[in-house]
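Attaching a predicted model along with its sequence, questions to come.
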Amino acid sequence: MKWLLLASLVLAGLVPLQPAFATGDSSPDSARQWLDSMSVALQTLNYDGTFVYLHGGKLEAMRIVHQASPGGEKERLIALTGSAREVLRDDKVVTCIMPDNKSVMVGQSRPRQPFPDVPEDLDSLSPYYQLRDVGEDRVAGVMARVIAIAPRDKYRYGYRFWIDTTNFMLLKFELNDVDGTAIEQVMFTGLKVGDRIPAASLEPSLTGEGYNWFRQESGGENPAVNPVQSTWTVALLPAGFKMTDSQRRRVRQGGEHAEHMVFTDGLATVSVYVEKMMANDTEFTGLSNMGAMNAYGTVLGDYQVTVVGEVPAATVQSVARSVSKR
Amino acid sequence: MKEKLHEQLSALVDDELVAAEQALLVRQLGTDPALRERLARYQIISDALQNHLPPRVDAGFHKSIQAALQEESAVHVEAPRFAGLFKPVAGLAVAASVAVVAVLSLQSIRNEPSSAPAMASAPVAQDYLRADIRPLPVSSPQAPQSLDAYLVNHNEYAVNRGMLPYVRLVGHEMNVDAKE
């Protein structure tokens, strides 16, 4: 059982792996090629895998099933521990089934961008991130290439990917803070790649019958082309963040239309939602999080401001506090 | 007390709990649904770590373990029989304790959300440096349920990582420990 102990300690970050540095190219270009190949693999291969997700002192087991066909992609994510939450996603909708509060949320899925969407012009990212091909390492006996994207400041997170050297599948993923400390980890413990996916594997195990259903409004055909001029403005953003989207839509059940602004530095994305509060709404003020996804709420007059992003808490807090009416 | 119980559970999953303690623990499992839930959880995580999960863990999996345990505890089963019962479910003797070690150690890493990372070495907008970034209060307010809706919506706008952002939604058991 010793291997298991070791695997878990590594997963917990107690035993840092010292990947055998490969003699290969360690330039950003090489790192980028690996990431591109991984993106393609994640989108074009059929796979069915079990993984563990480690965050904030909790370990959860989950299963992911992914099918790629000419008709598009289909995915299903299922919690194996705890409440049997489930997410189904295809090219049109994303459905989240949450038995713990008996609710089903149906959102509109958006076209895929390969991750990470490393811009052609690497120089535009380089002031904020360092891209590196770290070398080779083993994950569960499989040879993997380790690619790191390290943030250069504390306003964004870093990422580390372990990519299967034979089929470019992602075997392990780590999200780190600027010091390199792991905040979140995902590691496959079993993965079958390339097999045909039985239709039943992509069916939800819960019908959602008797649940409270909520469908998010679609935001129009191509909002990016015709963005809504927001009546709100954000004064402080970390360097490199630019607005990529702005629109109005009803996001939450029973809520008013919210103004939604999206900012990205090319890797990290921050959403700002401003929504008029209803009489019976509870104010959300302060910080909350879901894994490494942080959220900060503040109230401006009758409006609830919520900033959400896979960025450090200080970033969402600072952005939220700088929102004001134009 | 709870910690001791959890350690025992973990040892049980590892098949390393001494017989005398096993009998006691089994009795306790018979009366404590939260403990049974936790046992099922340890079991699945251990199986996952060892890649011994069946291709499909159906929703009744926890329930069947619980039912079996209830039945067993009702007849005050002898400890060795318990181990016998457990093995077919587990497939193998497993090391839940390892998972627990992993959990505890990460917790110690993570419990300093505001430990200030080194200051930015990259050029940062001057106005941003003036932003009022203070350590956050330890106790965060309970997020309203509507936050889920924002998170799902945001996931689709985030530079796409496929299902990974949803891993958080699925794996986020906000109240699991609070209930106990």
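On my side now, so go ahead.

What are the buried residues along the helix or strand containing B:Q43?
Under the criterion of DSSP states H and E, B:Q43 resides in helix B:33-49. Buried residues in helix B:33-49, defined by neighbour count with 16 or more other CB atoms under 10 Å in any protein chain shown: B:35-49. For every residue, glycine as well, the C-beta is placed using N, CA and C.

near chain A, which of those show up?
The subset of the buried residues of helix B:33-49 within reach of chain A, by CB under 8 Å from any CB of the partner chain, is B:40-41, B:44-45, B:47-49.

and of the residues you listed, the nearest to A:P70?
A:P70 has its nearest neighbour among those in B:A48, at 32.6 Å by CB to CB.

how far away is the closest residue to that closest one other than its chain neighbours from A:V307?
Leaving aside its chain neighbours, B:A48 sits nearest to A:A61 (3.8 Å; criterion: CB to CB, 6 or more residues apart in numbering or on different chains). For A:A61, the distance to A:V307 equals 31 Å [CB to CB, to the nearest Å].

Out of the two, name the residue with the larger neighbour count.
The residue with more neighbours, out of A:A61 and A:V307, is A:V307; 29 against 26, by other CB atoms under 10 Å in any protein chain shown.

The more buried one sits in which helix or strand?
Short version: A:V307 belongs to strand A:303-309, going by DSSP H and E.

thinking again about what came up before, how about the ones next to chain A among the buried residues of helix B:33-49, which pair is most distant?
Farthest pair in these, by CB to CB: B:A40 and B:L49, 15.1 Å.

Tell me the bridge partners for A:R89.
A:E75, A:V94 (DSSP bridges).

what's near enough to touch it?
A:73-77, A:95, A:109, B:163, B:166 (CB atoms under 8 Å, 6 or more residues apart in numbering or on different chains).

coming back round to it: ok, of the buried residues of helix B:33-49, which one's closest to chain A?
B:A48 (3.8 Å; CB to the nearest CB).

which residues of chain A score low on pLDDT?
A:1-28, A:111-124, A:218-228 (pLDDT under 70).

longest helix in it, by residue count?
Ordering each helix of chain A by length in residues (DSSP state H) puts helix A:28-44 first.

Could you list which residues are in contact with the residue lying closest to A:G291 once chain neighbours are set aside?
Of all residues not flanking A:G291 in the chain, B:R168 sits nearest, at 3.8 Å (CB to CB, 6+ apart). By CB under 8 Å, 6+ apart, the contact list for B:R168 reads A:55, A:184, A:290-293, B:151.

sorry, back to before: and the helix holding B:Q43, C-alpha only, in PDB?
Extracted C-alpha coordinates of helix B:33-49, given in PDB (Å, rounded to 0.1, in the frame of the first residue of the first chain):
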ATOM      1  CA  PRO B  33     -26.500   8.100   9.800                       C
ATOM      2  CA  ALA B  34     -23.800  10.900   9.500                       C
ATOM      3  CA  LEU B  35     -21.100   8.300  10.400                       C
ATOM      4  CA  ARG B  36     -22.500   5.900   7.800                       C
ATOM      5  CA  GLU B  37     -22.400   8.600   5.200                       C
ATOM      6  CA  ARG B  38     -18.800   9.400   6.100                       C
ATOM      7  CA  LEU B  39     -17.900   5.700   5.900                       C
ATOM      8  CA  ALA B  40     -19.400   5.500   2.400                       C
ATOM      9  CA  ARG B  41     -17.500   8.600   1.500                       C
ATOM     10  CA  TYR B  42     -14.100   7.300   2.700                       C
ATOM     11  CA  GLN B  43     -14.800   4.100   0.800                       C
ATOM     12  CA  ILE B  44     -15.400   5.700  -2.500                       C
ATOM     13  CA  ILE B  45     -12.500   8.100  -2.200                       C
ATOM     14  CA  SER B  46     -10.200   5.200  -1.300                       C
ATOM     15  CA  ASP B  47     -11.500   3.200  -4.200                       C
ATOM     16  CA  ALA B  48     -11.000   6.100  -6.500                       C
ATOM     17  CA  LEU B  49      -7.500   6.600  -5.300                       C
END
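
ok, so what distance separates B:E16 from chain A?
10 Å (CB to the nearest CB, to the nearest Å).

brain fart, B:V167
Distance of B:V167 to chain A, given as CB to the nearest CB: 5 Å.

doesn't that residue fall inside a strand?
No. Assessed with DSSP: H, G, I helix; E, B strand; the rest coil, B:V167 is helix; it does not lie in a strand.

Just give me the neighbour total for it.
The burial count for B:V167: 24, using other CB under 10 Å.

The residue nearest to B:A48 contacts A:L54, doesn't it?
No. Contact status for A:A61 versus A:L54: not in contact, 10.4 Å apart, counting by CB atoms under 8 Å.

The stretch 51-200 of chain A: strands as residue ranges?
A:58-69, A:72-79, A:86-90, A:93-98, A:103-108, A:129-139, A:142-151, A:158-164, A:170-176, A:182-193 (DSSP state E, counting those that start in this stretch).

Quick check: A:G266 vs B:A20, distance?
60 Å.

who has more neighbours, the two?
The neighbour count for A:G266 versus B:A20, taken as other CB under 10 Å, is higher for A:G266 (20 against 9).

in a strand, that's where the more buried one is, yeah?
No. Looking at A:G266 with three-state DSSP, it is coil, so not inside a strand.

Tell me the backbone dihedrals of it, please.
phi 110, psi -20 (degrees, to the nearest 10).

got the buried residues for stretch A:258-278?
A:258-275, A:277.

remind me which residues of chain B are low pLDDT?
B:49-146, B:159-163, B:172-180.

swap the cut-off to 50 and go again
B:55-66, B:68-143, B:174-180 (pLDDT under 50).

and A:A31, what does it touch?
Residues near A:A31 by CB under 8 Å, 6+ apart: A:131-133, A:147-148.

I'd like to know how far it sits from chain B.
For A:A31, the distance to chain B equals 17 Å [CB to the nearest CB].

Can you tell me the closest non-neighbouring residue to A:Q317?
A:Y296 (4.6 Å).

From A:L175, how far out is the one you found?
18 Å.

cool, and A:V94?
21 Å.

out of the two, which sits in the more crowded spot?
A:V94 (23 against 19).

which ones are touching A:T50?
A:T50 makes contact with A:61-63, A:80, A:188-191, B:48, B:51, B:53 under the criterion CB under 8 Å, 6+ apart.

about what we covered before: quick one: which of the contacts of B:R168 is nearest to A:I163?
Closest to A:I163, out of all of the contacts of B:R168 and judged by CB to CB, is A:E184, at 17.6 Å.

and that closest one, how many residues sit next to it?
24.

surely it meets A:G291?
Yes. Judged on CB under 8 Å, A:E184 makes contact with A:G291 at a distance of 5.4 Å.

quick one: common contacting residues for these two?
A:53, A:55, B:168.

which one of the residues you listed is nearest A:R248?
B:R168 (25.9 Å).

For A:C96, see how far away the closest one is.
Taking CB to CB, one finds B:R168 at 11 Å from A:C96.

Also B:N155?
10 Å.

The two: which has the busier surroundings?
Neighbour tally, B:N155 and A:C96, criterion other CB under 10 Å: the higher count belongs to B:N155, 28 against 24.

mind listing what that one touches?
Neighbours of B:N155 in contact, by CB under 8 Å, 6+ apart: A:94, B:165-166, B:169.

before we move on, what about A:T233?
A:323-326.
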